[in-house]
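*Asks:* fold the stuff below for me.
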Amino acid sequence: MLRLAVTTGFLLAAAAIVWVSFLVGAETPQGNLLINLGTELMGIVLTVAVVEWFFEKRRHATRGRQLAWDALHAVENAVWVWQGGPRQLESDELLGILRAVDEDDELTETTEGLFLGIGTRARRLLTNDPEAVEAMPRFMNALEHLGRLSAIRDGAQAMSPRKVADIVEAGTLELAHALEQPTEHLLASLIRYRDPSPASQERRQFGDSSSRRRARATGSAGP
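*Replies:* Predicted coordinates for the structure are as follows:
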């Protein structure tokens with residue numbers, strides 16, 4: 001907004017100089033000087049404005065791409081905690097795992113909280129960084145899908161695992177398109193180390209130390 005005001009101000013000043021040159025007389029030396037000064041000022045202002053517009057567009061695109069990668073990494077981490085598999089998941093592996101989720105793949109409270117955080121951040125990005133979001137094709141679609149996760153705890157009943165997976169899958173597919181990543185769905189049966197059990201989710205989220213502490217506490221409570 002400030003840049004627009006400054007540019008408009010200089011253009012008005014240049015126009016005023018040209019107008020004064022005609023009042024003085026365009027054929028006079030003073031008028032000719034003022035016309036040259038006014039037109040030169042207009043050219044400089046317009047050139048700077050166009051160059052600045054391209055730089056601004058590039059900055060938004062760079063930030064949008066970084067935000068899209070951050071969103072994909074957050075989804076990758078949440079899905080890994082939930083479903084297991086390799087620690088570093090490619091987009092086709094993510095999509096394959098999400099398509100294979102069924103209603104028995106329980107979400108623990110902490111895993112649910114990861115998806116809630118993704119949904120909340122998606123909503124905030126849509127509101128707070130619209131220029132960066134719009135600079136990346138299909139990024140807005142991805143955030144709109146993932147933003148639905150912000151309501152994961154709103155209902156009287158917990159959102160079903162299959163619905164969570166469908167939402168995340170739709171958002172991941174849009175992110176993969178935006179970042180030019182693989183969009184195929186890899187067969188989940190080809191992905192090793194999958195284990196969506198609550199105990200495994202806790203271990204992946206907090207490490208083995210929490211499981212050992214829980215085991216010691218359970219043992220100490222026995223006879």
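*Asks:* most distant residue from the centre of this structure?
*Replies:* Most distant residue from the mean C-alpha position of the chain: residue 28, 59.4 Å away (Cα atoms, centre = their mean).
*Asks:* any low-confidence regions in the chain?
*Replies:* Residue ranges of the chain with pLDDT under 70: 1-4, 6, 10-11, 26, 31, 209-223.
*Asks:* quick one, phi/psi of the residue farthest from the centre of the chain?
*Replies:* phi -80, psi 160 (degrees, to the nearest 10).
*Asks:* what about it, distance to residue 38?
*Replies:* When distance is defined by Cβ to Cβ, to the nearest Å, residue 28 is 15 Å away from residue 38. To be clear about C-beta, it is placed using only N, CA and C from the backbone, and glycine gets the same treatment.
*Asks:* go on, residue 12?
*Replies:* If you measure residue 12 against residue 38 using Cβ to Cβ, the figure is 11 Å.
*Asks:* kindly report the same for residue 184.
*Replies:* Shown here: residue 184 relative to residue 38, a distance of 60 Å by Cβ to Cβ.
*Asks:* for the protein, what spans make up the helices?
*Replies:* 2-24, 29-83, 91-99, 109-128, 130-135, 139-147, 161-178, 198-206, 208-220 (DSSP state H).
*Asks:* and these as a markdown table, adding distance to residue 192 and mean neighbour count?
*Replies:* Compiled in a markdown table, the helices of the chain are given as follows (distance: least, Cβ to Cβ, whole Å; neighbours: other Cβ atoms under 10 Å):
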| stretch | distance to residue 192 | mean neighbour count |
| --- | --- | --- |
| helix 2-24 | 53 | 13 |
| helix 29-83 | 12 | 16 |
| helix 91-99 | 10 | 22 |
| helix 109-128 | 20 | 18 |
| helix 130-135 | 35 | 17 |
| helix 139-147 | 27 | 22 |
| helix 161-178 | 19 | 21 |
| helix 198-206 | 14 | 17 |
| helix 208-220 | 19 | 10 |
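*Asks:* residue 153: which of those is closest?
*Replies:* Minimum separation from residue 153 across the helices of the chain (Cβ to Cβ) falls at helix 109-128, 6.3 Å.
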